[in-house]
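Undergrad: this is a predicted model, with the sequence first.
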Amino acid sequence: MDALLDTLWEYLAAGFSLAGDSLFSLLQHLHLLGPPVLISLLAVGTVLLTKLLNRLIITRRYLELEKIYHHWLQLRQEAMQCADRDKGSRMARNIDQAELNKAYYDYFFEGLLLGIARKVLPIFFVFAFINEYYRPEQMLELFGREYLLRLGTGSGEPILIGAVFWYFISLLCTYLCWSLAGALAGKVRTARNLSTTPCCSLPRTVEESKI
């Protein structure tokens with residue numbers, strides 16, 4: 001068993017190494033843009049990859065658990081709307097203990113596993129790639145300096161920003177811009193739907209009503 005796991009790990013390590021070397025060979029054509037732009041493009045590509053995986057990686061079990069959870073949640077809300085509040089509270093408590101709690105935890109953990117596969121793993125792999133192929137020694141060899149940006153301070157000691165730190169900053173900024181763009185697009189769609197809604201017919205004039 002140990003030998004099998006060791007062999008499997010060797011194949012995985014070789015596959016990751018091959019993927020990293022292939023990606024690095026492709027990115028060499030973009031080195032002329034400079035390290036800050038290059039790492040920012042990697043962050044944007046990571047976000048686009050996670051958004052694509054959100055659409056592609058979804059299990060039938062997750063959909064079923066989502067349906068079950070919302071079913072029991074709706075029943076609980078209906079129970080809480082009962083005219084007799086004491087009776088409604090007891091019914092809601094019974095629903096929680098019988099089905100809703102279990103449905104929620106199953107739905108939550110299934111979503112957590114999907115989130116790891118769709119978001120955490122891509123971000124981790126790109127982070128590991130940058131940490132390996134754009135570490136300070138590699139940066140010095142490729143770009144002539146060990147850092148991406150150098151920020152001056154009042155004390156005279158500059159702040160050096162490395163590739164990994166810049167990647168996470170770019171990643172957060174990209175996710176923030178994506179959320180803002182989605183909210184703005186939603187407002188635009190709402191305004192467009194309101195503008196295309198036919199207006200109510202105007203009331204007839206007094207002369208028309210007499211006719």
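TA: Ah, there it is. Values in this document were obtained by computation on a predicted structure and should not be read as measured data.
Undergrad: which residues in this structure form helices?
TA: Under the criterion DSSP state H, the chain contains helices at 2-27, 35-56, 60-80, 85-95, 101-115, 121-133, 136-143, 163-196, 206-210.
Undergrad: buried ones in the longest one, by neighbour count?
TA: It refers to helix 163-196. Of the residues in helix 163-196, those with enough neighbours to count as buried (16 or more other CB atoms under 10 Å) are 163-164, 166-167, 170-171, 174. No exception for glycine: its C-beta is placed from N, CA and C like everyone else's.
Undergrad: could you dump those residues to JSON lines with distance to Leu30 and pLDDT?
TA: Shown next, in JSON lines, are the buried residues of helix 163-196 (distance: CB to CB, whole Å; pLDDT from 0 to 100):
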{"residue": "Ala163", "distance to Leu30": "14", "pLDDT": "91"}
{"residue": "Val164", "distance to Leu30": "18", "pLDDT": "92"}
{"residue": "Trp166", "distance to Leu30": "15", "pLDDT": "93"}
{"residue": "Tyr167", "distance to Leu30": "15", "pLDDT": "94"}
{"residue": "Ser170", "distance to Leu30": "15", "pLDDT": "94"}
{"residue": "Leu171", "distance to Leu30": "18", "pLDDT": "94"}
{"residue": "Thr174", "distance to Leu30": "17", "pLDDT": "94"}
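Undergrad: got JSON lines for those residues, with distance to Ala83 too?
TA: What follows is the buried residues of helix 163-196, written out as JSON lines (distance: CB to CB, whole Å):
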{"residue": "Ala163", "distance to Ala83": "63"}
{"residue": "Val164", "distance to Ala83": "59"}
{"residue": "Trp166", "distance to Ala83": "60"}
{"residue": "Tyr167", "distance to Ala83": "57"}
{"residue": "Ser170", "distance to Ala83": "55"}
{"residue": "Leu171", "distance to Ala83": "51"}
{"residue": "Thr174", "distance to Ala83": "50"}
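Undergrad: and Gly186, what is it in contact with?
TA: If you count contacts by CB atoms under 8 Å, 6 or more residues apart in numbering, Gly186 has none.
Undergrad: quick check: pLDDT value at it.
TA: Per-residue pLDDT puts Gly186 at 84.
Undergrad: how near is Ser170 to Ala185?
TA: 22 Å (CB to CB, to the nearest Å).
Undergrad: returning to what we had before: reformat the helices of the chain as JSON lines; add distance to Leu149.
TA: Below are the helices of the chain laid out as JSON lines (distance: least, CB to CB, whole Å):
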{"stretch": "helix 2-27", "distance to Leu149": "19"}
{"stretch": "helix 35-56", "distance to Leu149": "6"}
{"stretch": "helix 60-80", "distance to Leu149": "41"}
{"stretch": "helix 85-95", "distance to Leu149": "55"}
{"stretch": "helix 101-115", "distance to Leu149": "31"}
{"stretch": "helix 121-133", "distance to Leu149": "15"}
{"stretch": "helix 136-143", "distance to Leu149": "12"}
{"stretch": "helix 163-196", "distance to Leu149": "7"}
{"stretch": "helix 206-210", "distance to Leu149": "73"}
